[in-house]
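**Student:** Got a sequence here, can you build the structure:
(2 chains)
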Amino acid sequence: MPVAVDLELCIGSGDCVKACAFNAVDVIDGKAVIYENCTDCDACVRACPTHAIASATPKETSAGNILAVDFSERSGIAAALSHVARRIGAGSVELRVNPLDAGAAADLLAHEAESAGARLIVLPHEGPGPAIAARVAARLNGALLSGCSDLSVDDSGGVRATRLAYGGIVKLTSRAGPGTVVATLFPRSRTPYAARPLDGQLELERTGEAPSRALADARTVVARGASLATAAREATRALADILGANIIEGAELKGKTIAPELYIAIGVEGSTETNAAVNGAGTIVALVGSESDPTAQIADYVLTGDVETNVKALLAAL
Amino acid sequence: MRIAVCVAAVPNPVKVKWDRFRQLLDRQDAEMMLNAADRNALEVAAQLAKAAGAQFDAYSAGVGAANALREAAVFGVERLIAIDDPSLVEADAGSVAGVLAAAITKDGGADVIACGAATSSNGSGAVPGFLSVLLNAGLRADVIALAPHESGLQVTAVDGASLVRSAASLPLVLAAAPFGIKTRAVSPILLMRASKRPIDTQTTVELADARSRLPLPALSSGATDGPFESNRKRRLNEVVDGPDAQARAITLASALRERHLV
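**Tutor:** Take a look at the predicted model:
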């Protein structure tokens, strides 16, 4: 059978059933079941929201081993890459590295990549990630794909990346390989993930708190309304942490202009002023009480109903 | 101590628009200006130069290099060096790093080479990493401040939620943090004065000899880019449907994943 279902990850969403053009998949007792008429088109693999379905047969030209590098247990790269590895039938090695001495970290990673026979090395596109990735690519004489929103491996073993440019108003698809490819990926889900630490030996002294990223530069912004209950506010904070987003109070938007790729308004009392402030956002999601709320009028996706229940459900789904 | 700062020219992001009739990125009306992140590198270098009693030079390669350097001059730069010829149009980070490293080497090398985090246009943030290999130097990123320290430098950098201080030896390439550095204001009068400063313009042909002596004479990013496509869509105004909150949240999460947003 060409595809396999991981029953622990399967939530029985039924997206695979809708995606399959051959009626080769069904959901029985809340779990996906693949029939023998499956043609290995991988439509269900792409549709599955929890990545529970994977090609059981490795592609003939796989990416070799994938080396996923995280800077902290919440960088999210190892978690994202384990799905890519499963999709293409490649092995995956997860490392956590101390990026403070970026040069030493890059040289260690280049050595580890050679030892592991890795042909795709992926780092977070944040902090020292891009600089380290470039140094690793130069050391390994490999190609560099920097600032990727999504990564995949094509049938000829090349790596394809979607990248956003000019503040997200345009996107482009880039390709590199076959051969060694080093990529940096924007961290999305920040679920903790265990990776082998590969710490450098740098003596350092903590001197204070780091400054926060400017709201104008944020890729994801979560805004919360003043009337949210404590539990909903805490869930909103957790959602922002998972997305690596800047969190603000809805009232703070007045008189500002922001243009993140993703703006999520949670129980924000919408107005003409706040709507104008987020007009440049790539995608707007509104969690509101009703469809008539002003924020819902400018949103791409609207979740109506009890805000606290919805934000907790979204937190669980991500 | 010799300090070099590498800066980039970018199209004014406010003037860049997606032309939905011609289906292309319209950069025609966008004048070239200094990349915003490079101001942080200039400020870090200016502070270090003041503390060390040294001077610093600014290098820029590619289209609009002179515009970026004029703005950089406001930070107290000693020499302005532009590398601008047709071969650098649409050059990738590897090629740009190659000519910058060649220009710095031709001038006798540098102990500290400061760069911005990434360009605000299509920046990969790869130039500091490539430069560190080409100039056989150490590499630090997310740097907030530098100070002279014994035979090297004391580096203050961002480490997650903390600021940390550590020692670094020379030569060192650094990428300044994209936030958290207070840069000086650039007034029109200062810009007007800076526009009269001479710029030393060089071509890639003049740098060919220095380039051939670098450890990787043919460094390239090695990736092929497709055409730009619009990433702006009309608002969908889609009310997420489903039997319960959990099902609706899963549908929403799937839609966001499909658009590479989470």
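**Student:** Low-confidence ranges, the stretch 151-300 of chain A, go.
**Tutor:** A:167, A:188-213 (pLDDT under 70).
**Student:** so who does residue B:198 touch?
**Tutor:** The neighbours of residue B:198, taking CB atoms under 8 Å, 6 or more residues apart in numbering or on different chains as the test, are residue B:80. Every residue, glycine included, has its C-beta placed from N, CA and C.
**Student:** Ok, residue A:19 next?
**Tutor:** Residue A:19 makes contacts with A:43-44, A:46-47, as judged by CB under 8 Å, 6+ apart.
**Student:** go with 7 Å
**Tutor:** Listed by CB atoms under 7 Å, 6 or more residues apart in numbering or on different chains, the contact set of residue A:19 reads A:43-44, A:47.
**Student:** In stretch A:304-318, which residues are buried?
**Tutor:** A:304, A:307-315, A:317-318 (16 or more other CB atoms under 10 Å in any protein chain shown).
**Student:** Dump these into TSV; add distance to residue B:118, secondary structure and pLDDT as well.
**Tutor:** Formatted as TSV, these follow (distance: CB to CB, whole Å; DSSP: H, G, I helix; E, B strand; the rest coil; pLDDT from 0 to 100):
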residue	distance to residue B:118	secondary structure	pLDDT
A:304	39	strand	89
A:307	36	helix	89
A:308	38	helix	90
A:309	39	helix	91
A:310	35	helix	91
A:311	32	helix	91
A:312	36	helix	92
A:313	36	helix	91
A:314	30	helix	91
A:315	31	helix	88
A:317	31	helix	85
A:318	27	coil	82
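**Student:** sec struct for residue A:248, please.
**Tutor:** Counting by DSSP: H, G, I helix; E, B strand; the rest coil, the backbone at residue A:248 sits in strand.
**Student:** So which of the contacts of residue A:19 is the closest to residue B:125?
**Tutor:** For the contacts of residue A:19, the residue nearest residue B:125 by CB to CB is residue A:47; the value is 33.2 Å.
**Student:** Would you mind splitting chain A into its domains for me?
**Tutor:** For chain A, automatic domain parsing gives the domain ranges A:1-57, A:58-197, A:215-317.
**Student:** and the first one, how far out from the chain's middle?
**Tutor:** The offset between the C-alpha centroid of domain A:1-57 and the centroid of the whole chain comes to 22 Å, using CA atoms, centre = their mean, to the nearest Å.
**Student:** With the second one instead?
**Tutor:** Chain-centre distance of domain A:58-197: 13 Å, with CA atoms, centre = their mean.
**Student:** Could you tell me the average pLDDT over stretch B:79-94, please?
**Tutor:** Average pLDDT, stretch B:79-94: 88.
**Student:** Dump the C-alpha coordinates for it into PDB.
**Tutor:** Only the C-alpha atoms of stretch B:79-94 are listed here, as PDB (Å, rounded to 0.1, in the frame of the first residue of the first chain):
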ATOM      1  CA  ARG B  79      35.800  56.700   3.100                       C
ATOM      2  CA  LEU B  80      32.900  55.800   0.900                       C
ATOM      3  CA  ILE B  81      33.600  52.900  -1.600                       C
ATOM      4  CA  ALA B  82      31.000  52.000  -4.200                       C
ATOM      5  CA  ILE B  83      31.300  48.900  -6.400                       C
ATOM      6  CA  ASP B  84      28.800  49.400  -9.200                       C
ATOM      7  CA  ASP B  85      28.800  47.900 -12.700                       C
ATOM      8  CA  PRO B  86      26.200  46.100 -14.900                       C
ATOM      9  CA  SER B  87      27.300  42.700 -13.800                       C
ATOM     10  CA  LEU B  88      25.900  43.300 -10.300                       C
ATOM     11  CA  VAL B  89      22.300  43.900 -11.400                       C
ATOM     12  CA  GLU B  90      20.300  41.100  -9.800                       C
ATOM     13  CA  ALA B  91      23.500  39.600  -8.300                       C
ATOM     14  CA  ASP B  92      22.900  37.000  -5.600                       C
ATOM     15  CA  ALA B  93      24.300  37.300  -2.000                       C
ATOM     16  CA  GLY B  94      27.300  35.100  -2.800                       C
END
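**Student:** just to revisit the earlier point, any idea which of the contacts of residue A:19 has the most stuff around it?
**Tutor:** Neighbour count (other CB atoms under 10 Å in any protein chain shown) singles out residue A:44 as the most crowded of those, with 23 neighbours.
**Student:** Tell me the secondary structure at that one.
**Tutor:** The three-state assignment at residue A:44 reads helix, by three-state DSSP.
**Student:** end-to-end on stretch A:174-186?
**Tutor:** Using CA to CA, to the nearest Å, one end of stretch A:174-186 lies 15 Å from the other.
**Student:** ditto for stretch A:109-124
**Tutor:** 14 Å.
**Student:** rewinding a little: within reach of chain B, which of the contacts of residue A:19 are there?
**Tutor:** The subset of these within reach of chain B, by CB under 7 Å from any CB of the partner chain, is empty.
**Student:** Could you list which of the buried residues of stretch A:304-318 also contact chain B?
**Tutor:** Restricting the buried residues of stretch A:304-318 to those within reach of chain B (CB under 7 Å from any CB) leaves A:304, A:309-310, A:313-314, A:317-318.
**Student:** and the nearest residue to residue B:136 once chain neighbours are set aside, how many neighbours?
**Tutor:** Counting by CB to CB, 6 or more residues apart in numbering or on different chains, residue B:215 is the residue found nearest to residue B:136 once chain neighbours are left out, at 6.7 Å. The number of residues packed near residue B:215 is 11, by other CB under 10 Å.
**Student:** Residue B:215: what's it in contact with?
**Tutor:** Residues in contact with residue B:215 (CB under 7 Å, 6+ apart) are B:133-134, B:136.
**Student:** Any of these buried? List them.
**Tutor:** B:133-134.
**Student:** Make CSV from the contacts of residue B:215 and add pLDDT, secondary structure and distance to residue A:299 to it.
**Tutor:** Formatted as CSV, the contacts of residue B:215 follow (pLDDT from 0 to 100; DSSP: H, G, I helix; E, B strand; the rest coil; distance: CB to CB, whole Å):
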residue, pLDDT, secondary structure, distance to residue A:299
B:133, 95, helix, 46
B:134, 95, helix, 47
B:136, 95, coil, 52
